[in-house]
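>>> A predicted structure for the sequence below; I have some questions about it.
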Amino acid sequence: MEGAVDTDDAALNAKVEEWLRYDQRQETREEILALLQAKDYDKLRTLLMKRLAFGTAGLRARMGAGYSCMNDLVIIQTTQGLARHIQSDFPDAASRGVVIGHDARHNSQRFAQLAAAVFLSQGIRVHLFSDIVPTPYVAFAVRHLKCVAGITVTASHNPKQDNGYKVFWDNGAQIIPPQDELIAKSISENLEPWKDSWTYSTASTNQLCSDPLENIRSVYNERLTAASYHRVPNENSDFVFTYTPMHGVGQRYAADAFRMFGLKPFVSVKQQSAPDPDFPTVQFPNPEEGKSALNLAIAAANSHGSTVILANDPDADRLAVAERKPDGSWHVFSGNEIGALFAWWLWDNHKQQHPDIPASKVCMMSSTVSSKIIATIAAREGFHFDETLTGFKWMGNMTEKRMSEGYSVLFAFEEAIGFMVGPEVLDKDGISALAAMAEMTVHLNNKGKTLANQLDNIYQKYGYHAANTSYFICHDPETIRKIFTRLRDNQEYPTRCGDFTICGVRDLTTGYDSQQPDKKAILPTSSSSQMITFTFDDGSVATLRTSGTEPKVKYYTEVRLPPGRNGEDAKQCLEKLQQQLVKEFLQPEKNGLIPRPSE
């Protein structure tokens with residue numbers, strides 16, 4: 001260590017000394033030493049005195065030095081804790097092994113290799129992907145290879161400065177409580193790097209390490225065809241799609257999926273088709289942001305006479321869809337609208353393909369902040385519907401449960417453009433969703449219809465469901481706490497929101513639900529995050545929640561009208577509800593909230 005540390009803070013001294021003792025990467029050591037030399041003790045406290053918390057989403061943060069950031073040492077410590085927990089949970093962990101994949105971000109491959117080195121040092125078999133892969137490939141590989149866990153190094157659609165570490169359990173679904181807490185405890189008990197944890201080159205020479213890429217790619221693509229209902233019409237169609245992977249991993253895997261479905265190759269957005277960790281052409285590498293993220297795709301589509309754009313986020317677990325309107329402008333479908341289209345498509349084809357399976361043994365699901373359109377369709381058609389907490393960790397595990405009970409699980413979705421088409425991957429999967437959406441589009445085109453036409457048909461049959469999702473940025477946790485505390489007011493919740501009368505309140509932070517006989521929420525609760533849902537007497541719903549990975553306060557609104565009412569009525573009602581929700585409950589001016597960037 002470079003001399004004694006003296007910051008006039010004994011606890012900080014100990015942490016600086018510990019970091020310099022543990023960390024073997026020059027860049028992050030120098031970052032800490034530079035702050036020490038500059039006597040920037042506040043920054044050192046921020047970086048070293050509080051650890052990046054491990055939760056159900058794993059880890060996600062800015063890359064840099066310190067326990068609060070993503071770096072080599074934090075990856076090693078996290079993996080040591082995970083390895084010990086796996087060894088205690090699975091007697092056959094060594095032989096069954098783990099799967100490790102990574103995206104194309106800065107340091108992702110290195111972090112994956114470091115994680116592999118930790119497992120290998122403990123005699124645990126590792127299936128380490130040799131190249132970038134979609135996140136759903138890791139979830140799929142866990143089940144196919146019968147591993148005890150999977151890790152993917154990715155920050156999904158976060159800014160380029162970030163990276164992350166996501167964990168799948170032995171069922172191929174993301175971890176849920178109490179596993180996250182048990183892993184976090186194990187991490188805290190295994191912080192000092194083990195003897196061989198830093199030898200990340202081990203992966204290339206250790207006999208316990210193998211590359212599953214070609215096997216998984218082949219099997220995944222073979223299983224993918226189960227979601228194709230109309231291969232021959234696909235092969236005969238000249239419909240032109242435009243595709244962008246948003247500088248991420250998706251290009252080759254999307255091309256695979258199109259080929260497996262018999263679809264004509266898509267038009268590529270050349271500026272975004274190659275992986276680039278700096279995401280140079282977009283402000284946010286997130287197709288959920290709408291047209292602002294799809295400008296280049298729109299230009300490519302227009303120049304090639306393409307009327308539908310398909311886009312994955314950088315780790316290819318989400319799917320965005322846009323369609324050119326008759327006037328030449330473009331409509332970017334919301335996650336709720338895409339969810340409605342998939343629900344119709346998969347139910348309609350399932351009925352035709354499997355008339356012997358009763359509707360009561362078919363299941364679809366969505367998260368509680370997503371549109372209630374599947375619930376409406378299910379009530380009319382007779383299949384089972386499950387509502388879960390936000391996040392595919394809940395839907396993935398619920399899918400496994402329903403399958404064990406004999407249900408055919410067709411579909412799950414969340415409004416944040418996450419879709420699970422079929423149960424081969426127990427997580428959101430932008431590749432299988434992309435292929436299924438393309439096939440649906442070709443089918444409709446052959447009948448002279450567009451996606452927008454069909455969405456309107458769905459709403460005419462089941463009633464208009466107009467929904468909107470947005471957010472404010474807030475970097476102050478105390479401000480966020482005050483917003484929700486005011487609404488909670490010791491369970492004296494608001495009875496009105498402007499002109500809308502509230503008839504039900506569900507608070508999944510405290511576990512309160514006014515519409516249950518015992519006033520206790522049925523869905524799991526968590527005091528570590530904020531989430532309140534208001535139900536109005538006209539059937540409308542609004543939810544306010546904090547993001548688990550970003551400094552955002554999100555709000556979700558939905559208006560449901562009966563069949564016979566038109567879309568314009570729904571739109572006007574939705575705009576009114578949203579305006580009053582923001583004004584009355586979020587009070588952005590008073591609370592200094594930063595609006596979502598305009599497109």
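Structure's in. What do you need?
>>> Touching, H331 and I309? I think so.
No - the pair H331 / I309 is not scored as a contact, 10.4 Å apart, by C-beta atoms under 8 Å. For the C-beta atoms, the positions are set from N, CA and C on the backbone; glycine is no exception.
>>> Mutual contacts of the two, please.
322-323 (C-beta atoms under 8 Å, 6 or more residues apart in numbering).
>>> out of those two, which sits in the busier spot?
Taking neighbours as other C-beta atoms under 10 Å, H331 and I309 compare with I309 leading, 25 against 16.
>>> Which elements pack onto the helix or strand that contains the more buried one?
For I309, the element it lies in under DSSP states H and E is strand 308-312. Other helices and strands packing on strand 308-312, by 3 or more C-beta pairs under 8 Å, 6 or more residues apart in numbering; DSSP states H and E, are strand 241-244, helix 291-303, strand 319-324, helix 430-446.
>>> Turn these into a markdown table, including mean pLDDT and distance to V505.
Formatted as a markdown table, these follow (pLDDT from 0 to 100; distance: least, C-beta to C-beta, whole Å):
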| stretch | mean pLDDT | distance to V505 |
| --- | --- | --- |
| strand 241-244 | 98 | 41 |
| helix 291-303 | 94 | 34 |
| strand 319-324 | 98 | 33 |
| helix 430-446 | 98 | 34 |
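>>> Indicate which one of these is closest to Q174.
Closest to Q174 of these, according to C-beta to C-beta: helix 430-446, at 15.5 Å.
>>> Now that closest one: buried residues?
Using 16 or more other C-beta atoms under 10 Å as the test for burial, helix 430-446 gives 430-445.
>>> what angle sits between that helix and strand 319-324?
Using axes from the mean of the first three to the mean of the last three C-alpha atoms, to 10 degrees, the direction of helix 430-446 lies 30 degrees away from that of strand 319-324.
>>> Give me the distance between the next helix-or-strand element following helix 430-446 and the centre of its chain.
Following helix 430-446 in sequence order, the next helix or strand is helix 451-462 (DSSP H and E). Distance, stretch centre to chain centre, for helix 451-462: 27 Å (C-alpha atoms, centre = their mean, to the nearest Å).
>>> Give me the residues contacting helix 451-462.
Taking contacts as C-beta under 8 Å, 6+ apart, the residues outside helix 451-462 that touch it are 308, 321, 323, 325, 331, 333, 337, 340-341, 344, 373, 376-377, 380, 440-441, 444, 465, 563, 567.
>>> and if we set it to 7 Å?
Residues from elsewhere that reach helix 451-462, judged by C-beta atoms under 7 Å, 6 or more residues apart in numbering: 323, 331, 337, 340-341, 344, 373, 376-377, 380, 441, 444, 465, 563, 567.
>>> where along the stretch 201-350 of the chain do the helices fall?
For the stretch 201-350 of the chain, applying DSSP state H, counting those that start in this stretch gives helices covering 213-224, 231-236, 251-260, 291-303, 335-353.
>>> now those helices in TSV, with distance to S367 and mean neighbour count?
Shown next, in TSV, are the helices of the stretch 201-350 of the chain (distance: least, C-beta to C-beta, whole Å; neighbours: other C-beta atoms under 10 Å):
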stretch	distance to S367	mean neighbour count
helix 213-224	24	16
helix 231-236	30	14
helix 251-260	24	20
helix 291-303	22	19
helix 335-353	10	20
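>>> pretty sure E387 is in a helix, no?
No - counting by DSSP: H, G, I helix; E, B strand; the rest coil, E387 is located in no helix; its state is strand.
>>> Surely it touches S370?
No - between E387 and S370 there is no contact under C-beta atoms under 7 Å: 8.5 Å.
>>> circling back: name the nearest of the buried residues of helix 430-446 relative to N71.
Closest to N71, out of all of the buried residues of helix 430-446 and judged by C-beta to C-beta, is G430, at 28.0 Å.
>>> ok, the closest one - contacts?
If a contact means C-beta under 7 Å, 6+ apart, then G430 has 134, 250, 312-313, 316-319 as its contacts.
>>> The closest residue to L145 other than its chain neighbours bridge partners, please.
Using C-beta to C-beta, 6 or more residues apart in numbering and skipping the chain neighbours, the partner closest in space to L145 is H127 (5.9 Å). Going by DSSP bridges, H127 is paired in beta bridges with V99, S210.
>>> before we move on, back to that, please render the contacts of G430 as CSV that adds distance to G504 to the earlier fields.
Converted to CSV, the contacts of G430 look like this (distance: C-beta to C-beta, whole Å):
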residue, distance to G504
P134, 39
G250, 40
N312, 37
D313, 34
A316, 38
D317, 33
R318, 31
L319, 32
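>>> and the two most separated of those?
P134 and L319 (11.2 Å).
>>> packing partners for the helix or strand hosting G164?
Here G164 sits within strand 162-168, counting by DSSP H and E. When contacts are defined as 3 or more C-beta pairs under 7 Å, 6 or more residues apart in numbering; DSSP states H and E, strand 162-168 sits against strand 59-62, helix 72-89, helix 135-144, strand 149-153.
>>> Please point out which parts of the following helix or strand past it sit buried.
Past strand 162-168, further along toward the C-terminus, the next helix or strand under DSSP H and E is helix 179-188. For helix 179-188, the neighbour count (16+ other C-beta under 10 Å) marks 179-180, 183-184, 186-187 as buried.
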